[in-house]
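A.B. asks: here is my input, please return the structure:
(one chain, ligands or ions: 1)
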Amino acid sequence: MQNSDDKLKKVIAHSKEYGFVFPSSEIYDGLSAAYDYGQYGAELKNNIKNYWWTAMTRMHQNIVGIDASIFMHPTTWKASGHVDAFNDPLIDNKDSKKRYRADVLLEDYIKKIEQKIDKEIEKAKNKFGESFNEEQFRATNPNVLRNQEKINAVEGKMKAALESSDLEGLKTLIEECEIADPETGSRNWTEVRQFNLMFKTELGAVSGDAGIIYLRPETAQGIFVNFLNVQKSGRMKLPFGIAQIGKAFRNEIIARQFIFRMREFEQMEMQFFVKPGTEMEWYNYWKDTRIKWHKALGMGEENYKFHDHLKLAHYANAACDIEFNFPMGFKELEGIHSRTDFDLGAHEKHSGKKLRYFDPETNESYVPYVIETSIGLDRMFLATLSAAYEEEKLEDGSERVVLRIHPALAPVKLAVLPLVKKDGLPEKAQEIVDSLKLDFNLQYDDKDAVGRRYRRQDAIGTPYCITIDYDTIQDNTVTIRDRDTMQQERVSIDKLHSILSEKVSMTKLLRG
Ligand code: GAP
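C.D. replies: Numbering: from 1, shown residues only. The predicted structure follows:
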């Protein structure tokens, strides 16, 4: 069985080789945690956006979409709490000059002890076979107990230090655990400092602090500040939602695991404004709706789980993540948060403008409560790609790499392949391309043997290929090949449009 590191490496290599994702500015050796989407990546990304946007807006008559600017008035970020509290604890190694997140160093230390426990259990499992009782072993084995105690102690101290922003405490803990720079082994650490994750830049004509402006670290605030504009101009009645897709920027101290954690990324966020008191009902509605959206893609029901936040942010009264089984294990893909009236209330306070809803049913004005759904587009892309990637041994002993992407999301829907480059077959194939190309993204390919052309299409996840042969000229039929089953069927060219419309239909996916 391949391990998870191998799988991620393979997905990264495949993404580059087949035009999905390239390292940014690669000719200059790249820029860490920045990536470019290639020709198939851009198509896949657009299809994911379309799936989300349609599910959010068209399927909900009371949700509209906006596109706010990345730059916002700097007070926005004071009100949202990002200026004061959007920090990570940072520590530098004086010898290697490498920078780390203090909490991540500690988490990695804990993971190593967990691995020791796992090894101990594995050894015992092999020794005792069928009769092995893991629960009992964990509760009694002295090595496991000692290591578990160590984990509990470090976790407890780390949690306390993080909660009270005790930076000295974090440094002391790193020293107590004798944590060394993972790259060089040096223990020559600086003090721990708070590091704000927002990127700063300056506004054109203004110099100094007055001109400081931020690249937005989330798209949500563009929605909050437009709450009243949208409500009034759209005559929206509560409950209603505002959706947005756009870039966000965070100066992550450690950005790693490919496009999972980047410094420039894209979010798809929706704020759903509700009457105070009804928020838990809507929170549950959105949990249910969002998990269905994910599961409809057929990426394996077992690959999702909800993770409830035990420690809630001061403004939230419920929050959870939808975690996906990435090659690195279960990790956050989407957040669903009940944010109360915190954001609108804070913007009221800082702007001096009322951000209230007049409820015609009760004749009252109030600040609505908000349920937020927030998903990283790039993470969704990685989830899609890694779930789709498969190395398959075929009956004839050969191997293929196939991306089993849902046909509605696949970057190319159809490949049109003339069997040979003569006798009118290319012209016939081109005719088919011209008749379908405005409705479907398709590709014409006449290079190499048909088998190799199939492999190329499998590798980019094209759900269907048609082959134009000598019979086509006689009877206007082609063979259509299914990516997943590799079965071929003879169909009339006149039926191609309707067959494809049905097979790659986003509407069908949305209807469930
Ligand atoms: N408005 C709420 C918010 O921004 P978040 O949990 O910080 O909440 C929401 O981010 C989602 O954005 C995450 O679930 C994740 O999918 C994505 N995300 C956050 N930071 C990211 C990063 N550095 N790179 C890629 N995606 C990221």
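A.B. asks: give me the distance between Ile460 and His14.
C.D. replies: According to CB to CB, to the nearest Å, Ile460 stands 10 Å off from His14. Just so you know, the C-beta spots here come from the backbone N, C-alpha and C atoms, and that holds for glycine as well.
A.B. asks: these two - which one has more neighbours?
C.D. replies: Taking other CB atoms under 10 Å, Ile460 and His14 do not tie; Ile460 has more neighbours (24 against 19).
A.B. asks: for the more buried one, give me its contacts.
C.D. replies: Tyr18, Gly19, Phe20, Tyr40, Leu403, Pro411, Val412 (CB atoms under 8 Å, 6 or more residues apart in numbering).
A.B. asks: what distance do you get for the residue in the stretch 251-400 of the chain positioned nearest to the ligand to Tyr304?
C.D. replies: Scanning the stretch 251-400 of the chain for proximity to the ligand using CB to the nearest ligand atom identifies Gly376 as nearest, at 2.5 Å. Per CB to CB, Gly376 is found 15 Å from Tyr304.
A.B. asks: these two: which is more packed in?
C.D. replies: More crowded of Gly376 and Tyr304, by other CB under 10 Å: Gly376, with 23 against 18.
A.B. asks: now that one: phi and psi?
C.D. replies: phi -80, psi 120 (degrees, to the nearest 10).
A.B. asks: find residues that contact each of Ile460 and His14.
C.D. replies: Counting by CB under 8 Å, 6+ apart, the residues touching both Ile460 and His14 are Phe20.
A.B. asks: can you list contacts of stretch 22-40?
C.D. replies: 16, 18-21, 45, 252, 255-256, 258-259, 261-264, 378, 411-412, 460-461.
A.B. asks: list the buried ones in that stretch?
C.D. replies: Buried residues in stretch 22-40, counted by 16 or more other CB atoms under 10 Å: Pro23, Ala33, Tyr35, Tyr37, Gly38, Tyr40.
A.B. asks: now swap in stretch 411-426 and tell me
C.D. replies: For stretch 411-426, using 16+ other CB under 10 Å, the buried residues are Pro411, Val412, Lys413, Leu414, Ala415, Val416, Leu417, Pro418, Leu419, Leu425, Pro426.
A.B. asks: which one is the fourth one nearest to, not counting chain neighbours?
C.D. replies: This means Leu414. Leu442 (4.3 Å; CB to CB, 6 or more residues apart in numbering).
A.B. asks: so what's the residue count around the one you found?
C.D. replies: By other CB under 10 Å, neighbour count at Leu442 equals 19.
A.B. asks: can you check the pLDDT for it?
C.D. replies: On pLDDT, Leu442 comes in at 97.
A.B. asks: how many neighbours does Ala161 have?
C.D. replies: 22.
A.B. asks: am I right that it is in a strand?
C.D. replies: No: counting by DSSP: H, G, I helix; E, B strand; the rest coil, Ala161 is not found in a strand; it is helix.
A.B. asks: right, and it touches Glu176 too?
C.D. replies: No: using CB atoms under 8 Å, Ala161 is not in contact with Glu176; the gap is 11.5 Å.
A.B. asks: how about the helix or strand encompassing Lys171, which residues are buried there?
C.D. replies: Element membership for Lys171, per DSSP states H and E: helix 167-176. Buried residues in helix 167-176, counting neighbours by 16+ other CB under 10 Å, are found at Leu167, Gly169, Leu170, Lys171, Leu173, Ile174.
A.B. asks: distance to the ligand and pLDDT for those - can I get that in CSV?
C.D. replies: Compiled in CSV, the buried residues of helix 167-176 are given as follows (distance: CB to the nearest ligand atom, whole Å; pLDDT from 0 to 100):
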residue, distance to the ligand, pLDDT
Leu167, 22, 94
Gly169, 25, 95
Leu170, 21, 95
Lys171, 25, 96
Leu173, 25, 96
Ile174, 23, 97
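A.B. asks: between those, which is nearest Arg101?
C.D. replies: Leu170 (10.0 Å; CB to CB).
A.B. asks: does Leu355 really touch Lys349, like I thought?
C.D. replies: No: Leu355 lies out of contact with Lys349 (CB under 8 Å); the separation is 9.8 Å.
A.B. asks: neighbour count: the two, which is higher?
C.D. replies: Leu355 (20 against 11).
A.B. asks: check the secondary structure at the residue most central in space within the chain for me.
C.D. replies: With distances taken as CA atoms, centre = their mean, Arg379 lies nearest the centre of the chain, 1.8 Å away. Assigned by three-state DSSP, the conformation of Arg379 is helix.
A.B. asks: skipping adjacent residues, who's closest to it in space?
C.D. replies: Closest to Arg379 by CB to CB, 6+ apart is Leu333, at 5.2 Å.
A.B. asks: what strand or helix carries Lys10?
C.D. replies: Element membership of Lys10, judged by DSSP H and E, is helix 4-17.
A.B. asks: report the next helix or strand after that helix in sequence order.
C.D. replies: strand 21-23.
A.B. asks: now the element after that next one, going C-ward?
C.D. replies: strand 35-37.
A.B. asks: what comes up buried for the helix or strand that comes right after that following strand?
C.D. replies: Downstream of strand 35-37, the first helix or strand assigned by DSSP H and E is helix 39-53. For helix 39-53, burial by neighbour count (16+ other CB under 10 Å) applies to Tyr40, Gly41, Glu43, Leu44, Lys45, Asn47, Ile48, Tyr51, Trp52, Trp53.
A.B. asks: and after helix 39-53, which helix or strand comes next?
C.D. replies: strand 63-66.
A.B. asks: just the CA trace of that next one, in CSV.
C.D. replies: C-alpha atoms of strand 63-66 as CSV (Å, rounded to 0.1, in the frame of the first residue of the first chain):
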residue,chain,number,x,y,z
ILE,A,63,-29.2,34.0,-1.8
VAL,A,64,-27.5,36.5,-4.1
GLY,A,65,-23.8,36.7,-5.1
ILE,A,66,-21.5,39.7,-5.1
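A.B. asks: what's next to the following helix or strand past it, contact-wise?
C.D. replies: Per DSSP H and E, strand 63-66 leads on to helix 75-79 as the next helix or strand towards the C-terminus. Helix 75-79 is contacted from outside by 83-84, 86, 198, 214, 217, 221, 225, 343, 346-347, 349-351, using CB under 8 Å, 6+ apart.
A.B. asks: now do helix 75-79, average pLDDT.
C.D. replies: The model assigns helix 75-79 a mean pLDDT of 96.
A.B. asks: which residues of this structure lie near the ligand?
C.D. replies: 218, 220, 250, 252, 261-262, 265, 267, 269, 332-335, 372, 374-376, 378-379 (CB under 6 Å from any ligand atom).
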